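Student: can you look at this prediction? I've put the sequence above it.
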Amino acid sequence: MKKKILIRDLTLRDGQQSQFATRMTQKQVDRVLPLYKNANFYAAEVWGGAVPDSIMRYLNECPWERLKKIKKGFDNKTLLTALSRGRNLFGYNPYPDDVIEGFNRLAVKSGIGIMRIFDALNDLNNMKSTIKFVKENGGLADCAVCYTVDPKFNLKDKVKGVLGLKKLPPKLFSIDYFVKKSKELEKMGADMITIKDMAGLISPDVSASLIKKLKKEVKVPIDLHTHCTPGYGLGSILNAIVNGVDIVDTVIWNFAGGPAAPAFELVQIFCDKLKIDTGVNLDSVSKINKELKEIRKELAQFDEMKMFPIEFDIANYKLSNDVNKLFNKAIDAAKSNKHEEVTHFTQEIERHFNFAPPDENVKNAEIPGGMYTNMLAQLKSAKLEALLPRVLEVVPSVRYDAGLPPLVTPTSQIVGVQAVYCVIDENNGKDFYNNKSVQFVNLVKGVYGKTPYPVKPEFRNKIAGTKKETPYDVKAYRKQDNPELPEFENIKLATSEKEELLLELFPAVASAFLKRKREIEYKKMLTEIAAREEIEVRKIHEEAEKFNQLSEDEKHEILIDGLYGHW
């Protein structure tokens with residue numbers, strides 16, 4: 001019997017978010033939905049992440065409407081997946097249970113079959129309530145462990161550590177760390193476990209060892225999610241497949257590679273050679289890919305890579321001898337645990353098909369690509385981009401001081417912003433942490449949850465004014481206002497539970513979006529009223545015209561009938 005593997009397609013959420021800043025419009029999504037209906041992907045990630053915020057903010061579109069249309073387009077033939085940040089959902093501070101319950105209930109009822117749940121600190125306590133509410137409402141809980149690596153300190157920090165000025169931490173993010181977290185999540189009710197590597201830092205050797213151990217010690221299905229930015233993505237997926245992973249995350253050809261996940265088509269070729277059945281309808285994927293190419297051209301202003309892979313049709317492909325050998329050599333290397341060769345051959349394959357090359361800056365710094373570009377942009381805005389090398393040196397130290405959080409949204413941005421502040425302070429002759437972001441203070445204080453490594457009480461006191469770890473008190477949570485709008489005849493800003501949730505989760509963005517929506521509805525109502533009144537006036541004029549054309553006797557008779565009829 002042929003071995004099987006399941007494919008989760010990320011194209012409509014993580015793919016377009018990674019490549020084009022989540023600017024794919026509903027009209028563009030609608031063009032590929034009929035083609036997805038028969039594609040037979042196990043699951044498709046279509047919602048959550050940056051989608052709800054971005055499409056309200058930039059496209060003036062409703063997140064719930066997008067999900068409704070996608071559900072109709074997929075016609076229940078593929079499980080739809082969304083991404084959420086556990087108790088934090090889409091923000092920073094944890095939400096009370098009624099908000100978490102409402103969001104997950106409505107998401108599942110609106111079409112989400114799998115909720116991928118993660119916490120940026122890998123604090124499993126922050127995931128409990130979401131797991132509970134997803135499962136209670138009939139959804140599958142995909143519990144993600146955020147993959148990260150231990151910080152690499154420069155020589156100066158190592159010298160300080162030797163001298164006892166700064167105690168350097170032991171190795172924390174080992175294979176056992178991720179396996180232990182996965183086993184705990186399985187006990188908490190996880191229906192599947194994802195190793196979520198948004199930075200693309202999991203190398204082929206770690207992928208092989210981690211998947212092998214997870215398959216021995218965890219009973220629920222295992223999914224590997226990674227990206228291609230540092231150049232490990234395809235090799236790590238191949239090693240995961242060879243070592244028995246159940247599900248892999250991919251993106252369709254023209255949206256794949258670079259900051260996104262590996263191309264489905266390349267994974268399919270490996271599976272063909274390994275005699276593994278993905279179950280995917282390749283004719284449908286080929287049609288989707290052709291449409292995606294046109295959509296990518298339309299999104300050119302948001303396309304940072306601007307590198308299209310060469311034309312390729314997975315439904316009807318033939319590899320040249322040289323490329324065929326690369327695939328075979330990569331498989332042989334994976335089976336022989338020659339992991340550096342796996343990286344080399346898979347990078348050669350991607351180079352042949354013109355996918356973006358590895359980002360050496362991100363690879364060497366071992367940080368997410370988005371974190372790197374955000375820090376650079378922050379420095380450029382202050383005309384201090386020359387300080388970037390020093391910022392990269394400082395990141396491990398700032399991360400250590402903050403309790404070694406995984407570098408995943410939003411902790412990667414919190415650490416990155418603070419590292420920039422520290423270097424600017426240093427450049428101005430001031431001490432580190434003279435300027436602090438509110439989010440960094442809250443991270444150190446304990447507001448967002450427990451950090452993987454304890455924050456020193458003295459440092460917490462310096463940054464947050466207290467030595468004691470202080471979790472967020474949900475009793476202090478205040479529900480967002482839902483005001484009446486006097487300019488639109490006192491209608492409420494949010495007119496349904498779904499809209500009220502948008503206000504709770506994205507207060508500023510949703511408020512502006514909903515006000516525009518109410519204005520459009522109000523103007524439409526006034527137009528309809530004016531149209532009805534115009535019709536009534538026209539009818540009156542027409543009746544009057546008919547009456548005037550009658551003879552005097554006919555007019556008299558109608559008037560007499562009307563008089564007696566009235567009485």
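Tutor: Nice, thanks for sending it over. Remember, it's a predicted structure, so these values are computed and weren't measured experimentally.
Student: let's verify Ala82: helix, strand, or coil?
Tutor: Classification of Ala82 using DSSP: H, G, I helix; E, B strand; the rest coil returns strand.
Student: quick one: residues contacting it.
Tutor: Arg13, Glu45, Val46, Trp47, Gly48, Gly49, Ala107, Ile112, Ile114, Met115, Arg116 (C-beta atoms under 8 Å, 6 or more residues apart in numbering). Placement of C-beta: from N, CA and C, glycine included.
Student: leaving out chain neighbours, which residue sits closest to it?
Tutor: Nearest residue to Ala82, sequence neighbours excluded (C-beta to C-beta, 6 or more residues apart in numbering): Gly48, at 3.5 Å.
Student: which residues touch that neighbour?
Tutor: Taking C-beta under 8 Å, 6+ apart as the contact definition, Gly48 lies against Arg13, Thr81, Ala82, Leu83, Ser84, Phe90, Ala107, Met115, Arg116.
Student: what about 10 Å?
Tutor: Contacts for Gly48 were tallied using C-beta atoms under 10 Å, 6 or more residues apart in numbering; they are 13-14, 17, 63, 67, 81-85, 89-90, 103, 107, 112, 115-117.
Student: any chance of the backbone angles for it?
Tutor: Summarising the backbone geometry of Gly48 under the convention degrees, to the nearest 10, its torsions are phi 80, psi -160.
Student: for it, list each beta-bridge partner.
Tutor: For Gly48, the residues forming beta bridges with it (DSSP bridges) are Leu83.
Student: for Phe308, give me its contacts.
Tutor: Trp253, Asn254, Lys293, Arg296, Lys297, Asn354, Phe355.
Student: again, but for Phe547
Tutor: Residues counted as contacts of Phe547 (C-beta under 10 Å, 6+ apart) are Glu554, Lys555, Ile558, Leu559.
Student: mean confidence for the longest helix along the chain?
Tutor: Taking DSSP state H as the criterion, the chain has its longest helix at helix 507-548. Across helix 507-548, pLDDT averages out at 88.
Student: coming back round to it: of the contacts of Phe308, select the buried ones using a ChimeraX command.
Tutor: Typed into ChimeraX, the next command selects the buried ones out of the contacts of Phe308 (criterion: 16 or more other C-beta atoms under 10 Å):
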select :253,254,296,355
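Student: hmm, which two among the contacts of Phe308 are most spread apart?
Tutor: Spatial extent of these (C-beta to C-beta) is set by the pair Lys297 and Phe355 at 17.4 Å.
Student: so which of the contacts of Gly48 belong to strands?
Tutor: Members of the contacts of Gly48 lying in strands (criterion: DSSP state E): Thr81, Ala82, Leu83, Ser84, Ile112, Met115, Arg116, Ile117.
Student: of all the residues you listed, which comes closest to Phe133?
Tutor: Met115 (8.9 Å).
Student: count of neighbours near the closest one?
Tutor: Under the neighbour criterion other C-beta atoms under 10 Å, Met115 is assigned a count of 27.
Student: that one and Ile247, how far apart?
Tutor: Met115 sits 15 Å away from Ile247 when distances are taken as C-beta to C-beta, to the nearest Å.
Student: now Ser182
Tutor: Where Ile247 is concerned, Ser182 sits at a distance of 14 Å (C-beta to C-beta).
Student: for Gln268, same thing?
Tutor: When Gln268 is compared with Ile247 (using C-beta to C-beta), they lie 14 Å apart.
Student: mind putting the ones in strands among the contacts of Gly48 in TSV, pLDDT and distance to Ala476 included?
Tutor: As requested, those are exported to TSV (pLDDT from 0 to 100; distance: C-beta to C-beta, whole Å):
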residue	pLDDT	distance to Ala476
Thr81	98	32
Ala82	97	28
Leu83	95	27
Ser84	93	22
Ile112	98	30
Met115	98	26
Arg116	98	28
Ile117	97	24
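Student: could I get these as a markdown table with distance to Leu210?
Tutor: Listed next are those as a markdown table, based on distance: C-beta to C-beta, whole Å:
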| residue | distance to Leu210 |
| --- | --- |
| Thr81 | 22 |
| Ala82 | 25 |
| Leu83 | 21 |
| Ser84 | 24 |
| Ile112 | 27 |
| Met115 | 23 |
| Arg116 | 18 |
| Ile117 | 20 |
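Student: would you list every one of the strands in the stretch 251-400 of the chain?
Tutor: Assigned by DSSP state E, counting those that start in this stretch, the stretch 251-400 of the chain shows strands spanning 276-277.
Student: then the stretch 401-550 of the chain?
Tutor: Shown for the stretch 401-550 of the chain, the strands assigned by DSSP E, counting those that start in this stretch span residues 484-485, 491-492.
Student: repeat that for the stretch 51-200 of the chain.
Tutor: Using DSSP E, counting those that start in this stretch, strands in the stretch 51-200 of the chain cover 79-84, 112-117, 140-146, 192-197.
Student: chain center to the third one: distance?
Tutor: Here strand 140-146 shows a centroid-to-chain-centroid distance of 13 Å under the convention C-alpha atoms, centre = their mean, to the nearest Å.
Student: what's the answer for the second one, then?
Tutor: With C-alpha atoms, centre = their mean as the basis, strand 112-117 stands 12 Å off its chain's centre.
Student: partner strands of it, with direction?
Tutor: Using DSSP bridges, strand 112-117 pairs in its sheet with strand 79-84 (parallel), strand 140-146 (parallel).
Student: how about the helices in the stretch 151-300 of the chain?
Tutor: 155-163, 175-187, 204-217, 233-242, 264-273, 282-298 (DSSP state H, counting those that start in this stretch).
Student: sorry, that was for the stretch 351-500 of the chain
Tutor: Counting by DSSP H, counting those that start in this stretch, the helices of the stretch 351-500 of the chain are 360-365, 369-381, 388-401, 411-427, 438-445, 457-464, 497-505.
Student: and for the stretch 1-150 of the chain?
Tutor: Listed from the start of the chain, the stretch 1-150 of the chain has helices (DSSP H, counting those that start in this stretch) covering 16-20, 26-36, 51-57, 63-74, 97-109, 128-136.
Student: tell me the centre residue of this structure?
Tutor: The residue at the geometric middle of the chain, judged as the C-alpha nearest the mean C-alpha position with C-alpha atoms, centre = their mean, is Gly49 (2.9 Å).
Student: surely it touches Ala21?
Tutor: No - counting by C-beta atoms under 10 Å, Ala21 is not a contact partner of Gly49; they are 11.8 Å apart.
Student: check what pLDDT the residue nearest to Ala82 gets.
Tutor: Among the per-residue scores, Gly48 shows a pLDDT of 94.
Student: any idea how far it is from Leu12?
Tutor: Applying C-beta to C-beta to Gly48 and Leu12 gives a distance of 11 Å.
Student: what do you get for Glu534?
Tutor: Distance of Glu534 to Leu12, given as C-beta to C-beta: 43 Å.
Student: neighbour count winner among the two?
Tutor: More neighbours surround Leu12 than the other of Glu534 and Leu12, with 28 against 10 (other C-beta under 10 Å).
Student: what sits against the nearest residue to that one once chain neighbours are set aside?
Tutor: In space, and not counting its chain neighbours, Leu12 is closest to Val46: 4.7 Å by C-beta to C-beta, 6+ apart. Counting by C-beta under 10 Å, 6+ apart, Val46 touches 9-14, 29, 33, 36, 66-67, 70-71, 73-74, 78, 80-83, 111-112.
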